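Undergrad: Model the structure of this input:
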Amino acid sequence: MSNGKIKNFEHVQTDHGINGQYKTWFLDYASYVILERAVPAVEDGLKPVQRRILHAMKEMDDGRYNKVANVIGQTMQYHPHGDASIGDALVNIGQKDLLIDTQGNWGDIRTGDDAAAARYIEGRLSKFALEVVFNAKTTNWQLSYDGRKNEPVTLPVKFPLLLAQGAEGIAVGLATKILPHNFVELCEASIKYLKGKKFDLYPDFLTGAMADVTDYNEGRRGGRVKVRAHIEEEDKKTLLIKSVPYGVTTNGLIDSIVKANDQGKIKIKKVIDNTAAEVEIQVDLAPGISPDITIDALYKFTDCEVSVSPNTCVIIDQKPHFVSVNELLRVSTDNTKNLLQRELEIKLSELQEKWHYTSLEKIFFEEKIYKELEKKHETWDKVIAAIDKAFVPYKPKLKREISREDILKLTEKPVRRIYRLDIDELNAQIKGLEADIKLTKFDLANLNDYAIAYFDGLLKKYGRGKERKTEIKIFEIIEAKHVAIANTRLYINRSEGFIGTGLRKDEFLVECSDLDDIVAFTKRGMMKVVKVLDKVFIGKDIIHAAVFRKNDERTTYNMIYTDGESGISYAKRFNVTGITRDKEYDLTKGADKTKVQYFSINPNGEAEVVKVILSPACSARNKEFDFYFEELEIKSRSSIGNQVTKYPVRNVKFKEAGVATLGSIKLWFDDKFGRLNHDGKGIELGDFDADDKVLILYTDGTYEVTDQELTQRFPPEEIMLVEKFDPERIITAIYLDNDKLQYNVKRFRIETNTLRSKFLFIKEGKGNILEAVSTEDEPLLIVQQGKGSQVRNAKFKIAKMVDVMGWKAVGAKLVDYNKNIMMEWENREGPKQSELF
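TA: Take a look at the predicted model:
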């Protein structure tokens, strides 16, 4: 045997050469991996190993569970690889909870726990798989790898299985990653496609979580899906992670949280995995750490948010093709329609054949043609010929010619059957077959409607319990700098001009994040913005350094400098917004010996008063005078400034604090993401001074007064009203008292002083919910009751009906509960009113 192998190799080497063999072998290997291992076929959405597993399970199917070890052994008759690859693929199919009914410990995709050994777990084909995946009559067959058995080329799957299960594989030179989609939505999309309507498909993961599909791009290459875990704030010290993103396990998620904590990106005390039937990871926060900022940081720095890049690649006509999921659904639906047509055509052929034979049987006995068997004929062929001749008068009633096989089949009827035959029963059978033939022809003529009914049937039969698990929503962009905690200490050497985290022997400057930028100003009038590094040179004689806030239009720098060339002193006020990192900016006229005499930083554009003291030797009449920064306009950092004096300045001293010269700042509430902002996104809340507060009323009947901190998170779907807080404003609230089945009304003022805490202002009880709220002075409520012609409207002037009461009061009855009731405020204005529809 070994000599034979050597001879074959020498023969190949002589004919083609080593170089040729390398080229051929690699191409053959690449093609094999692509076609036979990594990439699924478009016809059934399966890889070869998956197809062979399902085929083996169908052969074993008797309605009972089979040991997975036995299924693996059965599959090895068709699959030319080891049992490990078959076992892994089998468990993977079972965990997707669609084609296999599982029994035993099949592992957990949420925690990453492996399945038990194959000898301990069992499985069988699901009812869905038996109905949708198999049909021997429409299956194309081929020999198995060893030529001993037949296996399907592809299975006749009548469902977009590939989109339901998803697929992932790495081949030679290409890869595929098809995300799983929702069963119900796939059926509905197929129905829409068959009806000629537009449809959209978005991923749905068994792990639940949330997904932003803005850039999904129909699953094409270059698309992206961001997936986030659900994180709840149990209290100010504890966060609960209630789901894991696709492809992430609880163990992996906890590891990423611990790593982020070790790197100083978040601050937590401990992480506890409470996962059982449902995912729950408890994150205990360190003292003084904001839960809102920590939630954002978890999304930014840990696996609580992951980005998944789809790459829909399938085998079409023995070649890999990159397509979209929408195109894949259209192909799958068309394939299902073709399979249904083939099944109907086969069914029609079988019905017609059965009708033909039953009609022959009826004639054979009703017209006593069977008596030809009792006559003496010389040969059997003459008996057959005589029977055939006896059928001649009745052949016009038939739909095809009578074959020899038909007659032979009739002659095989037992004698006892002949004498007990019920002609009426045969007539009933023929009538039933004719009805079935008519219906089958109708379905073929209306194939599109038949396919729609088929998908609708799947939806009704198997759709229960397969509702969407992943919540589709748009994620806000989280800037790392905004959520990074102060995890490093920054030091400064003012005289030498260095700043850095490694200068521990020098002056401590500030605690900051390693993601921050630092802005610094020197005595020479130079400005520079740098990253937080171990040691970086700014310039000698640093007069100020701080964490830089990009696009900060409120922080105003007041400066007086003396020009080194002319000796004239100038004053200027400026902001620093956009910059180029590591670039030196000259804030003066540019002369070498220029000197900054005074410099101040003002968060809200404050304009102080300073005392300018001139040199005693100068010729100026007044050697001291006050300078008012409020008389200067805020200009760009490159402006020269206004002249203060032409005489030499000895020094400038702070004299008196000034008021803010900037007006109030506008605040908006982004009702899409539940965030306060200054960017004009969402509902405008008005002009806010530094001490102003925000009032939020929730659908559960609680209110919260909070500050203007932009890092806070609010659930927009639970909010009834958001506005600028006025402690004197009267709030009018309508709520359902579920215990007494009535709507109550109350008017009250906010009397609590605690910020960022919720207070229940409606009657406590299960099912009690806030229905409408207004902060108008005299709100007019319109209540509509009844349906159709029985509708009647009532108007209530709430301010005249109900007195102002305490915020804890139950309130007064308004109307009885009615499921057909609708309420709205008349003359609604902006965000001050809300209504129930």
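
Undergrad: What sits closest to Ser639 if chain neighbours are left out?
TA: Lys572 (5.7 Å; CB to CB, 6 or more residues apart in numbering). (C-beta placed from N, C-alpha, C; glycine too.)

Undergrad: quick one: the one you found is in a strand?
TA: Yes. Checked against DSSP: H, G, I helix; E, B strand; the rest coil, Lys572 lies within a strand.

Undergrad: Can you find the helix or strand of this structure with the lowest average pLDDT?
TA: helix 415-420 (a mean of 52; mean pLDDT, DSSP states H and E).

Undergrad: and after that one, which helix or strand comes next?
TA: Helices and strands here follow DSSP states H and E; after helix 415-420, the next one along the chain is helix 423-445.

Undergrad: buried sites along that following helix?
TA: Applying a neighbour-count criterion of 16 or more other CB atoms under 10 Å, the buried positions in helix 423-445 are 426, 429-430, 433, 436-437, 440, 443.

Undergrad: and if you look at stretch 105-117?
TA: Within stretch 105-117, the residues that count as buried by 16+ other CB under 10 Å are 106-107, 109-111, 115.

Undergrad: most centrally placed residue in this structure?
TA: Ala211 (1.1 Å; CA atoms, centre = their mean).

Undergrad: Would you agree that residue is in contact with Phe205?
TA: Yes. Between Ala211 and Phe205 there is a contact under CB atoms under 8 Å: 7.4 Å.

Undergrad: Distance of the nearest residue to Asn261 once chain neighbours are set aside relative to Leu348?
TA: With CB to CB, 6+ apart as the criterion, Asn261 has its nearest non-adjacent residue at 5.2 Å, and that residue is Ile268. For Ile268, the distance to Leu348 (CB to CB, to the nearest Å) stands at 68 Å.

Undergrad: for Pro603, same thing?
TA: Applying CB to CB, the value for Pro603 to Leu348 is 83 Å.

Undergrad: Please, which helix or strand holds the closest residue to Gly663 other than its chain neighbours?
TA: Across the structure, with CB to CB, 6+ apart as the measure, the residue nearest Gly663 apart from its sequence neighbours is Asp687 (7.2 Å). Using DSSP H and E, Asp687 sits in strand 683-688.

Undergrad: and if you look at Asp626?
TA: Using DSSP H and E, Asp626 sits within strand 624-628.

Undergrad: mind listing what's buried in that strand?
TA: Residues Phe627 are the ones in strand 624-628 that count as buried (16+ other CB under 10 Å).

Undergrad: so Arg549 touches Asn575, yeah?
TA: No. In this structure, Arg549 is not within contact of Asn575 by CB under 8 Å, at 10.6 Å.

Undergrad: Could you tell me which residues touch both of the two?
TA: With contacts defined as CB atoms under 8 Å, 6 or more residues apart in numbering, the residues adjacent to both Arg549 and Asn575 are Thr555.

Undergrad: Quick one: residues contacting Ala164.
TA: 98, 180-181, 183, 186.

Undergrad: 10 Å - rerun?
TA: 45, 96, 98-99, 180-183, 185-187, 204, 332, 466 (CB atoms under 10 Å, 6 or more residues apart in numbering).

Undergrad: Which element is encountered next along the chain beyond the strand or helix carrying it?
TA: In this assignment (DSSP H and E), Ala164 forms part of helix 161-165. With elements assigned by DSSP H and E, the helix or strand that comes after helix 161-165 is strand 167-170.

Undergrad: Run through the neighbouring helices and strands of the next helix-or-strand element following that following strand.
TA: Tracing the chain past strand 167-170, the next element assigned as helix or strand by DSSP H and E is strand 175-178. If you count contacts as 3 or more CB pairs under 10 Å, 6 or more residues apart in numbering; DSSP states H and E, strand 175-178 packs onto helix 161-165, strand 167-170, strand 313-316.

Undergrad: All the strands of the stretch 151-300 of the chain, in order from the start?
TA: Under the criterion DSSP state E, counting those that start in this stretch, the stretch 151-300 of the chain carries strands at the ranges 167-170, 175-178, 210-212, 225-228, 231-235, 238-241, 268-273, 281-285.
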